[in-house]
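**Student:** Below are the sequence and a predicted model for it; my questions follow.
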Amino acid sequence: MDFTEILGYSAGAVTSLTFLPQVIKTWKEGSAKDISLMMFIIAATNEVMWIGYGILKNDWVIILTNVIVLIMSVTMIILKLRYK
């Protein structure tokens, strides 16, 4: 693995953690009243497009990063609907 791949996977790991604090906070508090549903719908749509792009480019950094962020986006959508 060269420096470029290490940098890509490292950046992907940090990006993957983007929504984690919000997911944890929402889960613990059992409230999503201040969460924008539309923001997470847009984020999930964006992640699906990035995954498609990653598949077409055969780029595992893009695919894995965006699958993880998609899972967190969908989790937030579910929590928002559940705690409505």
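**Tutor:** Yep, that arrived.
**Student:** how about the residue nearest the centre of the chain, what does it touch?
**Tutor:** In the chain, the centroid-proximal residue (C-alpha atoms, centre = their mean) is Val69; its distance is 1.4 Å. Going by C-beta atoms under 8 Å, 6 or more residues apart in numbering, Val69 touches 15-16, 18-19, 43, 47. C-beta coordinates here come from the backbone N, C-alpha and C atoms, glycine included.
**Student:** Just name the closest of those to Trp60, please.
**Tutor:** Of all the contacts of Val69, Trp60 sits closest to Ser16, with 13.1 Å by C-beta to C-beta.
**Student:** Look at Phe3 and report its pLDDT.
**Tutor:** What the model reports as pLDDT for Phe3 is 96.
**Student:** list the buried ones in the helix or strand where Ile63 lies?
**Tutor:** Using DSSP states H and E, Ile63 sits in helix 60-82. Residues of helix 60-82 classed as buried by neighbour count (16 or more other C-beta atoms under 10 Å): 61-66, 68-70, 72-73, 75-77, 79-80.
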